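> no FASTA, just this:
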């Protein structure tokens with residue numbers, strides 16, 4: 001169960017009273033993301049503090065133990081710009097810090113986190129030695145990431161839909177697996193995975209568009 005009020009959030013076991021998460025432990029003034037990852041029995045939390053960068057942490061739901069914590073998720077991955085470009089970079093980063101994270105469990109040990117600025121993986125879920133993510137790599141910068149989808153039969157990859165394109169990336173290092181993305185007419189909404197390839201389902205609120213087929 002969760003008990004919350006402005007500036008405080010607690011998650012606890014209603015039977016034993018064990019506190020699994022207390023926002024005061026991270027000095028959070030605002031909890032933005034609370035996401036349970038059922039495959040690994042963990043809870044990922046993202047929030048803001050009165051000062052300093054936002055914090056993302058992973059907790060064990062059975063014990064409340066913190067598996068890792070990171071302050072680098074929202075760091076700018078590309079070159080810092082000046083003038084109007086730099087102002088826009090700052091505004092996008094500020095917006096991403098207060099936007100709920102999209103989190104994908106990509107197998108038993110890897111999660112992929114999508115912010116407004118970047119797609120970050122592979123953040124491994126086992127407990128690290130010093131309380132930090134033992135593996136955190138940056139996937140290539142992607143504009144308007146609309147969907148991050150796991151592969152059903154190929155555990156080495158993840159499919160990412162952005163704008164009107166779909167691309168496959170390696171989970172190990174974020175490198176692209178296809179020479180170029182598959183393009184469709186419309187925004188990528190979802191995919192259907194089939195032994196013969198992938199069917200891309202576009203968003204089309206006003207008129208029906210035909211799904212596109214590409215190799216997996």
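Everything's here; your move. All values derive from a computational prediction rather than experimental measurement.

> partners of residue 147 in the sheet?
Legend: beta-bridge partners of residue 147 under DSSP bridges are residue 161.

> gap between it and residue 168?
13 Å (C-beta to C-beta, to the nearest Å). Bear in mind the C-beta positions are built from the backbone N, C-alpha and C, glycine included.

> can you list residues touching both of these two?
Residues touching both residue 147 and residue 168 (C-beta atoms under 8 Å, 6 or more residues apart in numbering) are 159-160.

> any low-confidence regions in this structure?
In the predicted model of the chain, residues 75-82, 84-90, 92-93, 106-108, 115-146, 204-216 satisfy pLDDT under 70.

> how about the helices in it?
Ranges of helices in the chain, per DSSP state H, are 83-97.

> grab the longest strand from it for me.
Determined from DSSP state E, the single longest strand within the chain is strand 28-37.

> next, the buried residues of it.
Applying a neighbour-count criterion of 16 or more other C-beta atoms under 10 Å, one finds 28, 30-35, 37 buried in strand 28-37.

> and the residue nearest to residue 148 when sequence neighbours are not counted, what does it touch?
Excluding its sequence neighbours, the residue lying closest to residue 148 (C-beta to C-beta, 6 or more residues apart in numbering) is residue 104, at 4.8 Å. Going by C-beta under 8 Å, 6+ apart, residue 104 touches 111-114, 148-150, 158.

> just the closest of those to residue 70, please.
Comparing the contacts of residue 104 against residue 70 with C-beta to C-beta picks out residue 113 as the nearest, at 9.5 Å.
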